[in-house]
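>>> Here is my input; please provide its structure:
(2 chains)
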Number of protein chains: 2
Amino acid sequence: MFTLYSYYRSTAAYRVRIALEYKGLHYSYKPVDLMRDGGEQHHDSYMKINPQQLVPSLVTAEGQVLTQSLAIIDYLEEVYPTPALLPYDPIAKANARAIAQAIACDTHPLNNSRVLKYLTHTLRIDDQAKQEWYAHWVNTTFTSLEQLLRADPSRGHYCVGDSVTVADLCLVAQVYNANRFKVDMTPYPNLMAINNHCITQEFFIAASPEQQPDYPATTN
Amino acid sequence: MFTLYSYYRSTAAYRVRIALEYKGLHYSYKPVDLMRDGGEQHHDSYMKINPQQLVPSLVTAEGQVLTQSLAIIDYLEEVYPTPALLPYDPIAKANARAIAQAIACDTHPLNNSRVLKYLTHTLRIDDQAKQEWYAHWVNTTFTSLEQLLRADPSRGHYCVGDSVTVADLCLVAQVYNANRFKVDMTPYPNLMAINNHCITQEFFIAASPEQQPDYPATTN
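Modelled structure (predicted):
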């Protein structure tokens, strides 16, 4: 039994929730509200769990704390290998990881709440410049991924081959976030076909922001 | 025999060079100058190899193109497991990956050349604000990692346990970059002890920016 420190609309936590649901692993959900009281991730009680003050953190039954969404997913993959979230073939595995990292390293960290806060409060950029910043990094990555997927003859319903991999977890969470920021997704028909195929499936639905205990009755 | 598309001072390429040297793998070096002619990574010839227009890319003897430094390192670890760059124990492995990702996801992508270019040319921030932005994200991550390492009773000469892992590769490359931007490293004695231990070793030296064929006679 795991404990997941999560925020309903954190895309990094969303990735881990999909992995847990996909592998059928039970977990208790501890919400960390990134907005309330200056951000609960900065409170002493959470900093003791995760000095980086980011979500998610996953605590094992033995009390070991794991951080960083992709490291957590690799841990789950190693300890609970079935059903798999990585292809067996080393090249396909590297491709799935590369797509995941194009999102988890080169896109999301530029657009998460702490960075948008810095842009607004320290660099004092206005809402339009912030929106353009957000869209710029999503579009930069999605343009290259769309090109990559279009050129892949072996592709089925998912980013790599024809089963769910860590790449799809990252894609679905990033598309959710991009929709929230109203980025136009029409230039990415291949990415959206994968996203739309994924989000109808039970374990993606169970992991979605709307299904979490901290999803607010009224969102802003 | 691999082909590595690299730039001498790209920290992501630097990580992969250390992994290749550590595992004793031969590779030919293809420089991609991120500064010259608007950035050679944006030229058609390189975009065909890596649509993300980032370095590094590693091409296998069979012509398979691998991208994203951590995905490449995981591939090398799987196909050439000895000497290892990840601990055997799943929890220690997750910890090594989490430190690597704290740098490779949450620090470096905020401070790489394309982001600094956007800050300067699109948001038109001045040199001091750019320097503060750079230092802010290094200090945010390094403060949390220093705390984590200080609290780890099992730590030896490296980030996790007493052998080199992917975490050390990311640390050394990030410290090199932070030094270039003159970020004060004195608040991080534990991180610097690891860095200073690593950089005296043969495979770290062989992978260092100064040893690369594209290292300029006069740096700026």
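>>> Please make it C-alpha for all contacts and neighbour counts, starting now.
Fine.
>>> May I have the lengthiest helix in chain A as PDB, with CA atoms only?
Counting by DSSP state H, the longest helix found in chain A is helix A:127-150. Listed next in PDB are the C-alpha coordinates belonging to helix A:127-150 (Å, rounded to 0.1, in the frame of the first residue of the first chain):
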ATOM      1  CA  ASP A 127      -0.900  37.800 -18.800                       C
ATOM      2  CA  GLN A 128      -0.500  37.800 -22.500                       C
ATOM      3  CA  ALA A 129       3.300  37.400 -22.400                       C
ATOM      4  CA  LYS A 130       2.800  34.600 -19.900                       C
ATOM      5  CA  GLN A 131       0.300  32.800 -22.200                       C
ATOM      6  CA  GLU A 132       2.700  33.200 -25.100                       C
ATOM      7  CA  TRP A 133       5.600  31.800 -23.000                       C
ATOM      8  CA  TYR A 134       3.400  28.800 -22.000                       C
ATOM      9  CA  ALA A 135       2.200  28.100 -25.600                       C
ATOM     10  CA  HIS A 136       5.700  28.600 -27.000                       C
ATOM     11  CA  TRP A 137       7.300  25.700 -25.100                       C
ATOM     12  CA  VAL A 138       4.300  23.400 -25.700                       C
ATOM     13  CA  ASN A 139       4.300  24.100 -29.400                       C
ATOM     14  CA  THR A 140       8.100  23.700 -29.700                       C
ATOM     15  CA  THR A 141       7.900  20.200 -28.200                       C
ATOM     16  CA  PHE A 142       4.600  19.100 -29.800                       C
ATOM     17  CA  THR A 143       5.700  20.200 -33.300                       C
ATOM     18  CA  SER A 144       8.800  17.900 -33.000                       C
ATOM     19  CA  LEU A 145       6.800  15.000 -31.500                       C
ATOM     20  CA  GLU A 146       4.000  15.400 -34.100                       C
ATOM     21  CA  GLN A 147       6.700  15.100 -36.900                       C
ATOM     22  CA  LEU A 148       8.300  12.100 -35.100                       C
ATOM     23  CA  LEU A 149       5.000  10.200 -34.800                       C
ATOM     24  CA  ARG A 150       3.900  11.000 -38.300                       C
END
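>>> The helix-or-strand element of chain A with minimal mean pLDDT near chain B anywhere?
Least confident element among the helices and strands of chain A, by mean pLDDT, DSSP states H and E: helix A:44-47 (a mean of 93). No - for helix A:44-47, no contact with chain B is found by Cα under 8 Å from any Cα of the partner chain; the gap never falls below 9.3 Å.
>>> OK, contacts around residue A:101?
Going by Cα atoms under 8 Å, 6 or more residues apart in numbering or on different chains, residue A:101 touches B:68, B:71.
>>> what does stretch A:128-145 contact?
A:99, A:102-103, A:106-107, A:110-111, A:116, A:119-120, A:178, A:181, A:183, A:187-188, A:191, B:51-52, B:123.
>>> List the buried residues for it?
For stretch A:128-145, a neighbour-count test (16 or more other Cα atoms under 10 Å in any protein chain shown) marks A:130, A:133-139, A:141-145 as buried.
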